[in-house]
Every structure is written in C-alpha cells, then in structure tokens.
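Chemist: Sharing a sequence plus its predicted fold:
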Amino acid sequence: MSGICGGIWFDNNVGAYYNMPPLKEMAKLLKHRGPDDLGFYSNEPELKSATTSPYVGLAMNRTAILDQRKNLYPLHNEDKTLWLVLDGEIYNFKELKEKLIELRHHFYTETDGEVILHLYEETCEGDSQNASTFISELNGNFAFALFDTKTNKLLLAKDRFGIKPLYYCIDDNKLLFASEIKALLKFSPKNPNNAIIYDFLATGVHEHTENTFFDGIKKLMPAEYIEIEILRFAQNDSIRIKGLKNDNINLKGLQKNKYWKLKFDTDNKTIHNSRTHKFLELFEDSIKIRCLGLSEIHKSQFGALLSGGMDSSSIVAILNKLTPISTFSSCREDAYLDEREYIESVTQKLGLKSAYNFTKSEALWKDIEKFIWHQDEPIRGASTWDHFSIMKFANERGVKILFDGQGGDETLYGYTPYFPQFLKELGKKFQIFKLLKELSAGFDLVEFAIKERILGKQNSKEFLLQDFIHKFDGREESILKELFPNTLIEKSYYAITKYSLNFLLKETERNSSAFGIETRIPFLDHRLVEYAFSLPVNYKIRDGWTKWILREAMRDVLPELVTKRRRKVGFGTPEVRWLRELRPKIEELFNSQEFKTRGYWDADKISKHFKDFCNGKKIQPEFFWRVISLEIWFRVFKI
C-alpha cells in the first residue's frame, strides 16, 4: 500500500515548480499511507530548455513489503523514458515478469510494480489503443500513474473493482491526482457538492457516481483509465490535451475508458461436482497469490479479520494451510451482537487464537474527527468506525497486511434481500413446488427481510429544508431505480459494479491505510468473481441457504456451527445504545449555531426527533449518523 499523487501544470510558470513544492505538500498529506519511503519524479530538467513544456510531477509514499530498499520509487524503465508510481499490488507479477524476461526486458528491482513499465513497453509503445489490453493483463488491487516522456502521455488507471482509490481535479492551468482527496484540497477550492449531499441525506446512498462530496473533485471508477496526451503548438506557444472533447481543460471534457466489464454469461452445462471443485480451486488460488510478500515480513505482521461468518472463516481456514496467521475480531458485550461463539468454534478447530477488540461509544467520539479526516467524506454509520478501530488495534500489534472478507455477499447472494427476490423469480417461472420448498427451508430469511424493510422505512426528506429539496427533488427516484433493480442477477451486478462494493471498499481501504496496513481481498479476484457470476442461481441459493457453493466447498473444513449459521452480524454495532450514551455531545452539536445555519436541514426538527429517540421511541438511527458525520466533515475540512 502506498500514497501516490502528482499532476500536470500548464501555466508555464516554470520557476514556481523548481524543487517540487506542490508535490511535496501533497505527498506530506499522504505519509500515513506509506511511512517507509518517499520518492519523487519531475521533468524539471527539461523545463529549463523548453518554455512550452508543462511541468509534470509524480510522488509516492511507500509501505515497503517487496524489495525493502530505499529510493526505489518512482520506478523507471531502462532508458528512464517511463516513470511509474503505484498504490497496491500486482499479484500475478511473477508470471508476467518471467514472460517479459523471455522478451529481453531487464529488471532492476524485486518489486511487483516494475512489470507494469515493461508490459506497457511491450504492449503500448507506438499504439495507445492497446492500453486496455495491457491493463487487463494485471491481476491485483491497484491504482497507478505512468508518465511516458517520449510521447508526453500520462496514464492513470484503477483496478477492476476499485479497491484502490484515485481522485483527480482539473482547472484552467493544472490537472492533479492523488490517492486521497485531502492531498488535492491545497490546490483546489473546498466547495461542497450539494447534489451528492442531497443523495446522502435523502437516501443514504453515496459512492454511486464519479462525483465526490467536494465540488470539482472526481474519482476514477472501477476498471477505468484515463490517457492524457499533452500536445505542444509552437505557433502560439500553447499547450493542449489530446483526448478532451474541446480545447477547455475541465472535468467535463476528460474522456475515461473501461478496460473490463463483468459479463452476464451463465454456464448451464458443467456438472455439479466440477463446479464446486472449480470454485474451491479458484478461491484457494486467489488466497495463495495474495500471500505475496509474506516471506519478506515477520509472521507477526500478517493476519486476517475473523467475524465467525462464512466469508472471513473460509479465508482464515485456507490461509491457515499456507502460513501461520494471527486473527483479529471486533466484539461486543451486547448478546445479540456477540459473535465470539462462532469465532471460537473456528479458532479451536484450526488451532488459532484471535485477538478481541471491544469498542465503546466514548472511543468513537474521541476518534470521530480524526476518523472522518481519514475517510475524506461523511460516513454511513458507526460500523465504519468500528472497522477503523480494529485496524488501529491491529496496527498497535505491528500488523502490515490483513486479509478481509469483502465481496462474498455481493457475488454469492449473501445479503438477506436476495432470498425473497429468489422466491419471487421462482413464482414468475411458475416453479411452485420449488418455491414452497425453499420458502419452508428459508422462512426465517423472509421474516428477517420483511422486518428489515419495515424498520428501515424512514422519510429522511421530512428533516430537510424545502429550498434544498426543491433544487434536487426527484434525484432519489432515479438513483434507487438504477441501483436497486428487480432481478437477482442485476442486483448482484449493481452491488458489485455500482454501489454496495464501492462504499464498502472505500471505507475498508481508507480505514486500513490510516494505519499503514495493506488489506487483501480474495473474494475480489476477477477470475473468481467471473466464475461465480457464471454459476446458475441454485449454486448460490439452495434449500434455504445463501452462498450455497461456498458452504458446500468448506463443509469439511469449517465447523458446522459456522457453515449452518443463519444470523449475519458482520461489523454490527450497538448504534442505538451508542447514540443514547452520546446524547449530551450530540445535542450540543445539534444546538450549535453552525449546525442550525447549514442550509440543508431543519435543526429544530432533528433535535426534537433525537430527543424522542433518546427517550425510548423506536426510531431507526441511520439518519442521525449521516447528519452527525456530515456536520463534523464540514468542521474537519473547514468548509
């Protein structure tokens, strides 16, 4: 894991960039992402003899795992015409490196990132149309910037599922990019994006578009890349960017491309045992290749999160066959949230121990400003902070790499609402016998989904000011229609590519990077996701069980208490109790002049609603968390 940043400055103010002051200021704000090393590249020497050349700079804060020597990044090719900064890992770099060596490419480091430079040389030099093909060769979680000095081209790219972040902004004289928004704010106006704020307050949805909470700052979406070619025009001593829709340098004109798309191809031919075997084979290999770099660090610096659910338990079980590991679990004293029974059934069967982290509301409030600073944007609820807390806990024990179970629910229909949708589709196909059989086996899932839907209904708009609503009214209908479609396959597709994973991965990545920890997510190996997506529905839901194929594959490996577990908690937190415990501090926030004059909400109505909630009225807590985090975000970033 690393923090990368850089940019292109077009104003020809050469003297302002000598010794790279803008880059140094940006990189300083990303030090937590890469505490082991810091490196820079700029085309500063060229500027002294070419007044029409733009200033180009790259910077990288590095967490060193592979090849721990200093001063390696930014990486370059043999003749130093290509320069690279990379956040993340390329898990198939060894096989790519072998092929490239056969093609007579020379390597000077043991890093995984160097294969990107030589793969680009082999594939793209002289033909930019091959960029998509070149990036598709990579299996990893990554965001990178590659500058080609021969063609004056900057390439920005992001992994298939958007595990690694990359933000950018453009104005009349510069294009900047960075791993985190905060690194851009020094050089970009700090204006709130009111449309995104409306989406967040009215629906709870965020991370659903390229837009951020900061107006003018955007992000690369999953599997996207941008090629920026800088052209010089000697006749008027000006600079233009090839790839813009017009001559203006702005966000609307920047063209982005997709190099990968998840396909709707269902395999109805393969026999049952082969499917389960193939799934397990891909799952095991996904974990194995993500053990990259473990020989270079002490075993105490490597671990996995363990909740006692199917996803995290399966990862821990496979990992345990490969290498000794430590596990970390977030726990509660609240009986309905306590997962220790399941966690201990796994650790006892596998001969492991888990370190338990217990969180309290006072710690949340103590951390909240620092936590939101690391997130860069408001958050959905207390569970996001709980994940932040376990990363802090692991960091205090020296951990540098943690395996995480994100992605299993989206690809294997693990979320509760998938089951009622499954029954609905059986009914539409007139498969009545099967519908009744599944309903009988999974009635508790239907019951829970109905309860969740009823409790989740709350009209958040009633707390918003009418002037604010009038500006954006109607957005929520189109958002909810697009993000929450009515077929199982589309639900899974949009969860993976458009919504659910986007915010979960953003929160996971930002929490881990706050403490210099690299998270690895085996369920999001694209080979595994593509295969899971090709499976018929009865390999994901069967006999009242979601994630059927994973349960089947792990049946003899994990305890039955886990493989037959019905109730899912994840990073569940006692949000109602915590809000009530924090009542004095929250009421102080709601009664402040800043809160009352934001122009988004009716502060008095929110205060009364919160008072009713604290006095015992049954009210869902999600809206309170959204408002609290948004108000603190305004204060942390001085907006």
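Modeler: Good, I have the coordinates. Residues are numbered from 1 along each chain as shown.

Chemist: helix or strand right after the worst-scoring helix or strand of the chain on mean pLDDT?
Modeler: Across the helices and strands of the chain, mean confidence by mean pLDDT, DSSP states H and E is lowest for strand 238-242: a mean of 47. Note on strand 238-242: by DSSP states H and E, the next helix or strand toward the C-terminus is strand 257-258.

Chemist: any idea how far that next one is from the chain center?
Modeler: 18 Å (C-alpha atoms, centre = their mean, to the nearest Å).

Chemist: Where do the helices of the stretch 1-150 of the chain begin and end?
Modeler: 21-28, 44-47, 93-102, 114-123, 131-136 (DSSP state H, counting those that start in this stretch).

Chemist: Now do the second one, average pLDDT.
Modeler: Pointing back at helix 44-47 there. Over the span of helix 44-47, the pLDDT mean works out to 65.

Chemist: Same check on the last one?
Modeler: Per-residue pLDDT over helix 131-136 has a mean of 91.

Chemist: Now do the buried residues in stretch 464-483.
Modeler: Counting neighbours by 16 or more other C-beta atoms under 10 Å, one finds that the buried residues in stretch 464-483 are 464, 468, 469, 472, 475, 476, 479, 483. In this view, the C-beta of every residue, glycine as well, is placed from N, C-alpha and C.

Chemist: Leaving out sequence neighbours, find the closest residue to the third one.
Modeler: Of all residues not flanking residue 469 in the chain, residue 461 sits nearest, at 6.1 Å (C-beta to C-beta, 6 or more residues apart in numbering).

Chemist: roughly how far apart are residue 336 and residue 384?
Modeler: Residue 336 sits 20 Å away from residue 384, going by C-beta to C-beta, to the nearest Å.

Chemist: Give me the more crowded residue out of the two.
Modeler: Just comparing residue 336 and residue 384: by other C-beta atoms under 10 Å the higher neighbour count belongs to residue 384, 25 against 9.

Chemist: That one looks like it's in a strand, true?
Modeler: No. Checked against DSSP: H, G, I helix; E, B strand; the rest coil, residue 384 lies outside a strand; its state is helix.

Chemist: Closest to the mean position in this structure, which residue would that be?
Modeler: residue 505 (2.5 Å; C-alpha atoms, centre = their mean).

Chemist: Go ahead and list the helix or strand containing that residue.
Modeler: Assessed by DSSP H and E, residue 505 sits inside helix 500-513.

Chemist: what's near enough to touch the nearest residue to the residue nearest to the centre of the chain once chain neighbours are set aside?
Modeler: In this structure, residue 505 finds its nearest non-sequential neighbour in residue 163, 5.3 Å apart by C-beta to C-beta, 6+ apart. Contact analysis of residue 163 by C-beta atoms under 8 Å, 6 or more residues apart in numbering lists 88, 141, 505, 509, 521, 524.

Chemist: In JSON lines, list those residues along with pLDDT and distance to residue 372.
Modeler: Shown next, in JSON lines, are the contacts of residue 163 (pLDDT from 0 to 100; distance: C-beta to C-beta, whole Å):
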{"residue": "88", "pLDDT": "95", "distance to residue 372": "24"}
{"residue": "141", "pLDDT": "96", "distance to residue 372": "24"}
{"residue": "505", "pLDDT": "96", "distance to residue 372": "18"}
{"residue": "509", "pLDDT": "96", "distance to residue 372": "15"}
{"residue": "521", "pLDDT": "97", "distance to residue 372": "23"}
{"residue": "524", "pLDDT": "97", "distance to residue 372": "26"}
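
Chemist: Going along the chain, name the strands of the stretch 451-600 of the chain.
Modeler: 518-520, 541-542, 545-546 (DSSP state E, counting those that start in this stretch).

Chemist: average pLDDT for the top helix by length along the chain?
Modeler: Ordering each helix of the chain by length in residues (DSSP state H) puts helix 272-289 first. Per-residue pLDDT over helix 272-289 has a mean of 92.

Chemist: can you state the direction angle for that helix and helix 93-102?
Modeler: Relative orientation of helix 272-289 and helix 93-102, computed by axes from the mean of the first three to the mean of the last three C-alpha atoms, to 10 degrees: 80 degrees.

Chemist: The chain should start at 94 in everything you say after this.
Modeler: Okay, residue one is now 94; in that scheme the one you just asked about reads as helix 365-382.

Chemist: quick one: contacts for residue 292?
Modeler: Contact analysis of residue 292 by C-beta under 8 Å, 6+ apart lists 298, 299, 301, 565, 568, 569, 572.

Chemist: of all those residues, which comes closest to residue 693?
Modeler: residue 565 (10.6 Å; C-beta to C-beta).

Chemist: Make sure that closest one is actually in contact with residue 286.
Modeler: No. Look at residue 565 against residue 286 with C-beta atoms under 8 Å: they stay out of range, at 11.1 Å.

Chemist: Could I get the full set of strands for the stretch 394-543 of the chain?
Modeler: Under DSSP E, counting those that start in this stretch, the stretch 394-543 of the chain gives strands at 395-398, 419-424, 447-451, 494-496.
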